[in-house]
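Peer 1: The amino acid sequence is not available; the structure is as follows:
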């Protein structure tokens with residue numbers, strides 16, 4: 001069975017700006033919690049099987065602000081477990097209770113955490129100190145563990161470790177063994193709870209390194225905008241190491257798609273919403289999405305466990321357009337599942 005998920009980020013409601021988010025988090029503003037809940041309801045309505053908590057905070061600072069706070073740490077870069085909170089998940093308990101009451105089961109949620117390498121690069125750049133990398137990994141594992149232990153009306157179904165720089169950033173100077181050790185440490189608690197644990201990569205160039213990390217069992221590939229990425233992965237490697245794929249089947253690179261429309265119409269389509277909406281009405285249609293999944297399934301078969309948009313939708317112009325894109329994605333995935341008789 002292939003499950004429909006999303007990566008996490010989502011456009012803010014009209015009139016709400018990014019700078020307000022950071023202040024709202026500091027104040028524990030109820031309005032921020034309300035925005036989280038409303039956005040999650042949209043993802044559920046769009047048919048996402050395992051929606052990620054809506055991400056509006058900076059992916060690095062969300063965790064670094066806590067890790068670097070002396071009042072929240074037991075030693076440098078090691079967060080206290082009771083302080084390792086993902087406040088978005090706490091806000092979603094109300095949505096989970098609604099879902100549990102209506103459906104009779106807990107809401108499946110995907111938790112996305114920023115990986116230890118990404119946090120390390122943000123704080124220390126290209127120097128390579130394995131003990132520091134491992135401290136970040138232990139802190140991330142505590143965020144994951146805290147989320148699992150405190151989930152009441154939601155079920156943590158998937159944990160994703162977001163490592164966009166691996167395979168792309170030339171500043172990474174660590175040996176593969178150091179990277180594998182850190183990823184194993186970061187995913188330890190999720191794996192021990194038998195939760196699907198994914199690494200979200202922007203390039204699968206070093207996917208073989210992840211094949212040697214026992215606690216990670218799903219490898220994410222952004223293959224909608226970059227179909228050639230699938231050529232870099234050998235199904236036999238996945239089978240030999242019992243790994244699965246999370247396949248991107250819907251493009252999220254809206255600036256590239258908008259540039260194509262700018263050229264087509266000779267105008268700035270960001271100023272003409274009706275033209276920009278061609279992305280969901282004519283370009284990223286359910287049929288296009290279905291065909292991408294069909295092609296990937298022809299290569300990897302039951303090694304595909306999840307499918308959804310390539311990346312987050314935070315840069316999209318509106319929640320309405322992002323919702324339509326998720327809706328199209330879900331329809332395309334479910335049409336393929338029906339045709340392939342996988343459900």
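Peer 2: Cool, got the structure. Everything quoted here is computed from the prediction, not taken from an experiment.
Peer 1: Residue 202 belongs to a strand?
Peer 2: No. Using DSSP: H, G, I helix; E, B strand; the rest coil, the assignment for residue 202 is coil, not a strand.
Peer 1: Number of residues surrounding the closest residue to it other than its chain neighbours?
Peer 2: Leaving out its chain neighbours, the residue that sits closest to residue 202 by Cβ to Cβ, 6 or more residues apart in numbering is residue 164, at 4.3 Å. (Each C-beta comes from the backbone N, C-alpha and C, glycine too.) By other Cβ atoms under 10 Å, the residues close to residue 164 number 19.
Peer 1: Looks to me like residue 164 is in a helix.
Peer 2: No. Counting by three-state DSSP, residue 164 falls outside a helix, being coil.
Peer 1: Now do the helices in the stretch 201-343 of the chain.
Peer 2: Under the criterion DSSP state H, counting those that start in this stretch, the stretch 201-343 of the chain contains helices at 207-211, 235-241, 254-265, 273-276, 278, 286-300, 319-340.
Peer 1: Quick one: list the elements packing against the fourth one.
Peer 2: Contacts of helix 273-276 with other secondary structure elements, assessed using 3 or more Cβ pairs under 8 Å, 6 or more residues apart in numbering; DSSP states H and E, are made with helix 254-265.
Peer 1: same thing with the longest one?
Peer 2: Other elements packing on helix 319-340 under the criterion 3+ Cβ pairs under 8 Å, 6+ apart are strand 3-4, helix 30-45, strand 244-250, helix 286-300, strand 304-309.
Peer 1: for those, which one sits closest to residue 20?
Peer 2: Of all the helices and strands packed on helix 319-340, helix 30-45 sits nearest to residue 20, with 8.5 Å by Cβ to Cβ.
Peer 1: residues in contact with that closest one?
Peer 2: With Cβ atoms under 8 Å, 6 or more residues apart in numbering as the test, helix 30-45 has contacts from 6, 10, 12-13, 16, 21, 24-25, 51-54, 56, 87-88, 91-92, 94-95, 99, 107, 319, 322-323, 326.
Peer 1: Now do that helix, average pLDDT.
Peer 2: The average pLDDT within helix 30-45 is 97.
Peer 1: ditto for stretch 277-289
Peer 2: On average, stretch 277-289 scores 97.
Peer 1: what's the span of it, first residue to last?
Peer 2: 17 Å (Cα to Cα, to the nearest Å).
Peer 1: now swap in stretch 65-81 and tell me
Peer 2: Criterion Cα to Cα; first-to-last residue distance in stretch 65-81 is 15 Å.
Peer 1: show me what contacts residue 10?
Peer 2: Here residue 10 is in contact with 39, 42, 43, 54, 55, 56, 312, 313, 314, 319, 322 (Cβ under 8 Å, 6+ apart).
Peer 1: pLDDT value on it, please?
Peer 2: pLDDT recorded at residue 10 is 98.
Peer 1: Surely residue 47 and residue 3 touch.
Peer 2: No. At 11.1 Å, residue 47 does not count as touching residue 3 under the criterion of Cβ atoms under 8 Å.
Peer 1: outside of stretch 312-323, which residues touch it?
Peer 2: Defining contact as Cβ under 8 Å, 6+ apart, one finds that stretch 312-323 is touched by 6-14, 39, 42, 45-46, 55-56, 252, 254-255, 270, 273, 276-277, 279-280, 325-326.
Peer 1: The same query, at a cut-off of 7 Å, please.
Peer 2: 7-11, 13-14, 39, 42, 46, 55, 252, 254, 276-277, 280, 325 (Cβ atoms under 7 Å, 6 or more residues apart in numbering).
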